[in-house]
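K.L.:
need a structure here:
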Amino acid sequence: MSAGAEADTFGALGGGYLQKQVAEEKAPRTIEKNRWLLSKAISDFGSAQNKDVTPAIVLVTLRKLELRGNHETANRLRAPIGSVFRYGVSISVAENDPIHALKGALIRPRRQHRAAITNPAEFGRLLRSIGRMRDNCRRSLL
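P.N.:
Predicted structure coming up:
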C-alpha cells in the first residue's frame, strides 16, 4: 500500500498491515487471528483518521472487551493495534503509536497453572499406560 490518502484511516492502515503480513508469509493462523483481533478495533475506530486516534479512543475499545470479561482478548488486541500504528509510522501515514501510553492500563488476566509431569520416568509410565489403553480399546472393538 502506498503512503497516500487511502491509508489515512485506521481501517485502511490495518488492511495494509495485514497485506504486509501476507507478503511476509506469516502463518495463515497468525494472519487470521490478527484479522479477527483488528476487526474489533476497526469496528470502533476504523473510519477515524490515524492522527485522530488517541490512547483514550483505543482504551474505550479495550475497556469494552474487559467489561464483557474478555481480559485476555483486550490484552492481546493491544499488540496488533500497536503494530498497525508502527507500520503506519514506517510508511509516513501515522505520527506515533498511542499504545505505549496504555501500558498497565488493562486488567491482567489471571494465570491458571496446570499440573504437568516433569519427571522423565513418570512421563514414560504415562505413555506406556496410554499405549496399553489404546490396545485394550482396539481389542474390545474387534
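
K.L.:
Check the gap between the most centrally placed residue in the chain and Leu62 for me.
P.N.:
The centroid of the chain falls nearest to Arg76 when counting by Cα atoms, centre = their mean (4.5 Å). Going from Arg76 to Leu62 by Cβ to Cβ, to the nearest Å gives 10 Å. Heads up, the C-betas are built off the backbone N, CA and C, glycines and all.

K.L.:
okay, the strand or helix carrying the residue nearest to the centre of the chain in CSV with CA atoms only?
P.N.:
Element membership of Arg76, judged by DSSP states H and E, is helix 71-90. Extracted in CSV, the C-alpha atoms of helix 71-90 (Å, rounded to 0.1, in the frame of the first residue of the first chain):
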residue,chain,number,x,y,z
HIS,A,71,-9.4,-9.7,29.7
GLU,A,72,-7.2,-11.9,27.6
THR,A,73,-8.6,-10.6,24.3
ALA,A,74,-8.3,-7.0,25.5
ASN,A,75,-4.6,-7.5,26.3
ARG,A,76,-4.0,-9.4,23.1
LEU,A,77,-5.6,-6.7,21.0
ARG,A,78,-3.1,-4.1,22.2
ALA,A,79,-0.2,-5.7,20.3
PRO,A,80,-1.7,-5.7,16.7
ILE,A,81,-3.1,-2.2,17.2
GLY,A,82,0.4,-1.1,18.1
SER,A,83,1.9,-3.0,15.2
VAL,A,84,-0.6,-1.3,12.8
PHE,A,85,0.5,2.2,14.1
ARG,A,86,4.2,1.3,13.9
TYR,A,87,3.6,0.2,10.3
GLY,A,88,1.9,3.5,9.7
VAL,A,89,4.8,5.4,11.1
SER,A,90,7.2,3.4,8.8
